[in-house]
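> Please find the sequence and the predicted model below.
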Number of protein chains: 2
Amino acid sequence: MKKNSSDDTIIVGIDPGFGRLGYGAVLYEKKQARCLTYGCIATPVRTPLDERLFTIYTELLHIFKDIQPQRIAVEKIFFYTNKTTAIQVSHARGVILVAARSCAIPIIEITPLQVKQALTGYGRAEKQQIQYMTQKLLHLPVPPRPDDAADALAIALCAGTLLHIPV
Amino acid sequence: MKKNSSDDTIIVGIDPGFGRLGYGAVLYEKKQARCLTYGCIATPVRTPLDERLFTIYTELLHIFKDIQPQRIAVEKIFFYTNKTTAIQVSHARGVILVAARSCAIPIIEITPLQVKQALTGYGRAEKQQIQYMTQKLLHLPVPPRPDDAADALAIALCAGTLLHIPV
């Protein structure tokens, strides 16, 4: 994996989730955004809550130490129709923020609206449109999968725009 | 502070909160429940979210390592009328669970109903009644304050009942 040099910026985007948490690392170098890696941390349903959260925590620490990003971009949570989901995702989100802080990496919080506007210029863009633009902007041969990882890459790209990193 | 001997059990109760998180340690020895310590972790409002959560995490690790409990009892979150509060408290709760798991201390999750029933025998007991019984059961000269710490001690006492620790 390409490590960070002094002029480069690496942003890790995170799509906060409990059962499945997506992550994606984007490297900005020579005015180009390049995908370093992406993936998903999945925790088994029948495992106790604290064990699942601890798995997320330790996996994230491992990823952050390996990739050494300058920023971590995490999607904000505003609204879920399902209360249980909102509570579970917020549990995971607390763990993500502490993991980032443990590695002394600054966080940028991103709204879904910001992702849509940054990638497509349209605040009501569909998921497919975001995924199409993510693939295009990162010059990926195939659409990133699963969806959680694709969302995470989109969040990282949005953070790059908000931080005015030239591409 | 009295440290744990082989026959004793220490339970740390936690009232999960974001701005203020209550904790209270109960020692069970010689068929008596005794209050070891209680208090509150408060984080300043104008501090960034990740810093506040990291403060909660590091303070809890310090408390757990100092007290060395056999169990950590944490109140479950079901319902908040305010969605923002639910999300914030859930962030803190995720951090609490990871801190406990980091110290390899088993967790017991407690519902507000269980606290009311265990301490007063009545599922719709008022807050004052719970605080009165907490003070009485722990032979405290004054009611524990602030409320967050009192709630945490009640949660620890409830856990003792659910785990059938004789008092």
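Arrived safely.
> Please work out the angle formed by the directions of the helix or strand bottoming out on mean pLDDT in chain A and helix B:83-102.
The weakest-scoring helix or strand in chain A, judged by mean pLDDT, DSSP states H and E, is helix A:83-102 (a mean of 93). Counting by axes from the mean of the first three to the mean of the last three Cα atoms, to 10 degrees, helix A:83-102 lies at 60 degrees to helix B:83-102.
> Secondary structure element holding the residue of chain A positioned farthest from its centre?
The centre of chain A is farthest from one residue, A:R46, which by Cα atoms, centre = their mean lies 25.3 Å away. Per DSSP states H and E: A:R46 is located in neither a helix nor a strand.
> mind checking how far A:L119 is from B:Q117?
Distance, A:L119 to B:Q117, using Cβ to Cβ, to the nearest Å: 52 Å. All C-beta spots, glycine's among them, are computed from the backbone N, C-alpha and C.
> Then A:E109?
40 Å.
> now swap in A:Q32 and tell me
Look at A:Q32 and B:Q117: by Cβ to Cβ, they are 62 Å apart.
> So for those two, which sits in the more crowded spot?
Taking A:Q32 and B:Q117 together and counting by other Cβ atoms under 10 Å in any protein chain shown, B:Q117 has the greater number of neighbours (17 against 12).
> ok, that one touching B:I130?
No: the criterion here is Cβ atoms under 8 Å, and B:Q117 misses it with B:I130 at 10.7 Å.
> now the closest residue to A:P48 other than its chain neighbours, which residues is it bridged with?
Nearest residue to A:P48, sequence neighbours excluded (Cβ to Cβ, 6 or more residues apart in numbering or on different chains): B:I107, at 7.7 Å. Judged by DSSP bridges, the bridge partners of B:I107 are B:I72.
> Next, count neighbours for B:I107.
Using other Cβ under 10 Å, B:I107 has 19 other residues around it.
> just the one 3 residues further on next, same as before
The burial count assigned to B:I110 is 22, neighbours taken as other Cβ under 10 Å.
> wait, A:K31 sits on A:V167?
Yes: using Cβ under 8 Å, A:K31 is in contact with A:V167, at 5.8 Å.
> More neighbours: those two, which one.
A:V167 (14 against 8).
> got a list of what the more buried one touches?
Listed by Cβ atoms under 8 Å, 6 or more residues apart in numbering or on different chains, the contact partners of A:V167 are A:28, A:31-33, A:137, A:160.
> One more: A:L137?
Shown in contact with A:L137 (Cβ under 8 Å, 6+ apart): A:33, A:119, A:157, A:167.
> now the strands for chain A?
All strands of chain A, identified by DSSP state E, fall at A:9-15, A:20-29, A:32-42, A:71-75, A:107-110.
> which other helices and strands contact the second one?
This points to strand A:20-29. strand A:9-15, strand A:32-42, helix A:49-67, helix A:147-162 (3 or more Cβ pairs under 8 Å, 6 or more residues apart in numbering or on different chains; DSSP states H and E).
> Not counting its neighbours along the chain, what's nearest A:I165?
Distance criterion Cβ to Cβ, 6+ apart; nearest residue to A:I165, sequence neighbours excluded, is A:Y28 at 4.8 Å.
> quick one: contacts for that neighbour?
Counting by Cβ under 8 Å, 6+ apart, A:Y28 makes contact with A:8-11, A:34, A:160, A:165-167.
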